[in-house]
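Visitor: one predicted model, sequence on top.
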Amino acid sequence: MENVGIYTPPQAVKTVSGASSASFQPSLTQSDLEVTQSAQDKLFEIVSQTDEDVSAIRIYISGGGCGGLSYGMTFTEDKSDFDTILQFDGFKVLVDVVALNYLKGAQIDYIQEVGRERFVFNNVFAETGGSGTCGGCGAAGGG
């Protein structure tokens, strides 16, 4: 049976002049994925307070279908060849290239309201379009 759905990252491509340039860029910028100052401050606080030797936060996506995608964060020290990195003072954010396809152009913010604090992912469909719902079951106001 063939391995279907396994992602192979792009390899360095030789240019005509002989120099090599990689089409896969592991570094992110704030234009790829914006992390607001309040989110940076809270992430730094969380990483600093953990008992473990953690210096990275992994942003991930899960789910799909009618419920749309869910976005989350977890501590990590494991970096894969498929990760992109956004570096901050005291910690870094890792996002694999599949998740980045859905997060590109998004903003991660930290909001404090009376009795409720949370991270929010704003504009997560900026580059891909869509609303995260299919409309077939009526959840999006269709059917």
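Guide: Arrived safely, thanks for sending.

Visitor: looking at the chain, which helix or strand is least sure?
Guide: Sorting the helices and strands of the chain by mean pLDDT, DSSP states H and E puts strand 12-14 at the bottom, at a mean of 42.

Visitor: where in the protein is pLDDT low?
Guide: Within the chain, the stretches with pLDDT under 70 are 1-25, 64-65, 67, 125-143.

Visitor: right, and D89 touches F44 too?
Guide: Yes: between D89 and F44 there is a contact at 7.3 Å, judged by C-beta atoms under 8 Å. All C-beta atoms are positioned from the backbone trio N, CA, C, and that covers glycine.

Visitor: of the two, give the one with the bigger neighbour count.
Guide: F44 (15 against 7; other C-beta atoms under 10 Å).

Visitor: next up, phi/psi of the nearest residue to the more buried one once chain neighbours are set aside, please.
Guide: By the measure of C-beta to C-beta, 6 or more residues apart in numbering, the closest residue to F44 outside its immediate chain neighbours is G90, 4.9 Å from it. Backbone torsions for G90, taken as degrees, to the nearest 10, come to phi 90, psi -10.

Visitor: and G90, what is it in contact with?
Guide: By C-beta atoms under 8 Å, 6 or more residues apart in numbering, the contact set of G90 is 44, 47-48, 55.

Visitor: if we use 7 Å, what do you get?
Guide: Residues near G90 by C-beta atoms under 7 Å, 6 or more residues apart in numbering: 44, 47-48.

Visitor: please identify which of those is nearest to T76.
Guide: V47 (10.8 Å; C-beta to C-beta).

Visitor: and the residue lying closest to the closest one once chain neighbours are set aside, how far from S55?
Guide: Counting by C-beta to C-beta, 6+ apart, F91 is the residue found nearest to V47 once chain neighbours are left out, at 4.4 Å. Distance, F91 to S55, by C-beta to C-beta, to the nearest Å: 6 Å.

Visitor: who's more crowded, these two?
Guide: Neighbour tally, F91 and S55, criterion other C-beta under 10 Å: the higher count belongs to F91, 19 against 13.
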